[in-house]
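In: Have a look at this prediction, sequence included:
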Amino acid sequence: MSNTLTPEHSRQLAQEIKTWGRQLGFAQVGITDIDLKEHGERLQAWLAKNYHGEMAYMADHGDMRYRPEKLHPETYRIITLRMDYMAPEVQTIRVLNNPNQAYISRYALGRDYHKLMRKRITQLGKKIEQAIEGLNITPNMRAFVDSAPVLERGLAQKSGMGWIGKNAMLINPKAGSYFFLGELFTNLPLPIDEPYTDMNCGSCSACIPACPTGAIVDNHIVDGRKCISYLTIELKTAIPVELRSKMGNRIFGCDDCQLCCPWNKFTTPSQEPDFTPRHNLDTATLLELFAWDEKTFLNKTEGTPIRRAGHERWLRNIAVALGNGPYSQEVMQALNEKKDFPSELVQEHVAWAIEQQRKI
């Protein structure tokens, strides 16, 4: 028996990798090469228009984002993985239509996906190492989950997982877009999957007018500076006044461009218990969450993506949502209690919300 990784052995290993990936809870596994020239050119054009706003990390690292071999030397193939996150029976439209409730992007309601997925991908890497033990090849692998300069959607498209829609989300024809992506960089000479080339949005452009702030400025192009996910999570300074009234009750992220997408009728509820909503975050009212002090915020958001916003921006976002809601004495009282909060950022948005309430 040969002690090298023969083409036949590589094909068999690729199939085993996909089986192991599904056993680890991933809905789909693909394999692609490292040629991201086309996606790199699109990124450069996007950056040139300053659509990344304060997300300086999108422009950092030079060409490393579309040159995977620079991010992790010796990389020859990339294993891509998809994990569904939409928890069963979670309400979306009903919450959005109730201005007293807080809308949190559905991906952020449960446990932070970064550690969960990275652990599973690392386990997959160990299975691969065991499978090729004794062969004349030294495996060199590294797991990534939205935490390094990686063009995840481009890699997923190249590995056959779907197409990049008009809202710049990756859309899978059998699963929609409610899923996370992760990667395993490897030096193994694995056979690659056919890229997904059918861009099946067709004449549908439902996501473009559905965006509350008009952030989808062209097909597949989002001006990040207007995106509510950017405004509520990435932006560290004041939310532009002209965009506040358009944010409604969205306090952490936004799903509007996915909610209207017809392909999401194929969404498969996640079987991952860790993605079940915590602390009733899927049904909480704005006033409930606005009352959290920093200690409570840190306790309630431990292990969730929401922790990333921090307590100060959490209050900033909720103040805007309260200002967008119907007038009530309870809301005015809650806002007035925060008028002198020890943060100029919070004070500014509370003052704006109070003024909005007075106009009603």
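Out: Cool, the structure landed. Note that the structure is predicted; figures quoted are calculated from it, not measured.

In: Now do the helices in the stretch 1-150 of the chain.
Out: 7-23, 37-48, 68-71, 93-96, 113-131 (DSSP state H, counting those that start in this stretch).

In: between the longest one and helix 7-23, how big is the angle?
Out: Orientation note: helix 113-131 sits at an angle of 140 degrees relative to helix 7-23 (axes from the mean of the first three to the mean of the last three CA atoms, to 10 degrees).

In: What lies in contact with helix 113-131?
Out: Identification of contacts with helix 113-131 by CB atoms under 8 Å, 6 or more residues apart in numbering yields 13, 16-17, 20-21, 24-26, 79, 81, 83, 85, 107, 139, 141, 143-147, 180, 182-184, 186, 188, 272, 274-275, 305. From N, CA and C alone the C-beta is placed, and that goes for glycine too.

In: Does Trp314 touch Asp293 like I think?
Out: No - look at Trp314 against Asp293 with CB atoms under 8 Å: they stay out of range, at 10.9 Å.

In: Compare the two and say which is more crowded by neighbours.
Out: Trp314 (22 against 10; other CB atoms under 10 Å).

In: Return the distance of that one relative to Leu298.
Out: Plainly put, Trp314 is 10 Å away from Leu298 if you go by CB to CB, to the nearest Å.

In: got any ranges where this structure has weak pLDDT?
Out: Across the chain, the ranges flagged by pLDDT under 70 are 1-3.

In: quick one, domains of it?
Out: Domains of the chain are assigned by automatic domain parsing as 7-87+109-186, 285-360.

In: and the shortest one, how far out from the chain's middle?
Out: Right, domain 285-360. 24 Å (CA atoms, centre = their mean, to the nearest Å).

In: can you give me the end-to-end distance of it?
Out: Between the opening and closing residues of domain 285-360 there is a gap of 20 Å (CA to CA, to the nearest Å).

In: Residue numbering should commence at 292 henceforth.
Out: All right, first residue 292 from here; so that's domain 576-651.

In: picking that back up, looking at the helices of the stretch 292-441 of the chain, which is nearest to Cys495?
Out: helix 384-387 (18.9 Å; CB to CB).

In: list the buried ones in the closest one?
Out: By 16 or more other CB atoms under 10 Å, the buried positions in helix 384-387 come out as Val386, Leu387.

In: Next: stretch 631-643.
Out: Residues Phe632, Ser634, Leu636, Val637, Gln638, Glu639, His640, Val641, Trp643 are the ones in stretch 631-643 that count as buried (16+ other CB under 10 Å).

In: if you look at those, which of them are in helices?
Out: Of the buried residues of stretch 631-643, the ones assigned to helices by DSSP state H are Leu636, Val637, Gln638, Glu639, His640, Val641, Trp643.

In: need the strands for the stretch 392-541 of the chain, in chain order.
Out: Counting by DSSP state E, counting those that start in this stretch, residue ranges of the strands within the stretch 392-541 of the chain are 394-395, 432-435, 454-455, 461-462, 470-477, 507-509, 512-513, 541-543.

In: For those, please prepare TSV with the additional fields distance to Ile423 and mean neighbour count.
Out: Listed next are these as TSV, based on distance: least, CB to CB, whole Å; neighbours: other CB atoms under 10 Å:
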stretch	distance to Ile423	mean neighbour count
strand 394-395	43	26
strand 432-435	11	20
strand 454-455	33	20
strand 461-462	30	24
strand 470-477	10	24
strand 507-509	44	15
strand 512-513	41	19
strand 541-543	43	28
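
In: Can you lay out those strands as a markdown table showing distance to Asn388?
Out: Converted to a markdown table, the strands of the stretch 392-541 of the chain look like this (distance: least, CB to CB, whole Å):
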| stretch | distance to Asn388 |
| --- | --- |
| strand 394-395 | 10 |
| strand 432-435 | 37 |
| strand 454-455 | 29 |
| strand 461-462 | 25 |
| strand 470-477 | 25 |
| strand 507-509 | 22 |
| strand 512-513 | 24 |
| strand 541-543 | 12 |
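
In: got a list of contacts for stretch 490-506?
Out: With CB under 8 Å, 6+ apart as the test, stretch 490-506 has contacts from 454-458, 462, 464, 507, 510, 513-519, 522, 534, 537-539, 541, 545, 547-554.

In: So how do I select the buried members of these in PyMOL?
Out: Of those, the buried ones can be selected in PyMOL as follows, counting by 16+ other CB under 10 Å:
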select buried, resi 454+455+456+457+458+462+507+513+514+515+516+517+518+519+522+534+537+538+539+541+545+547+548+549+550+551+552+554
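
In: Perfect, I'm done here.
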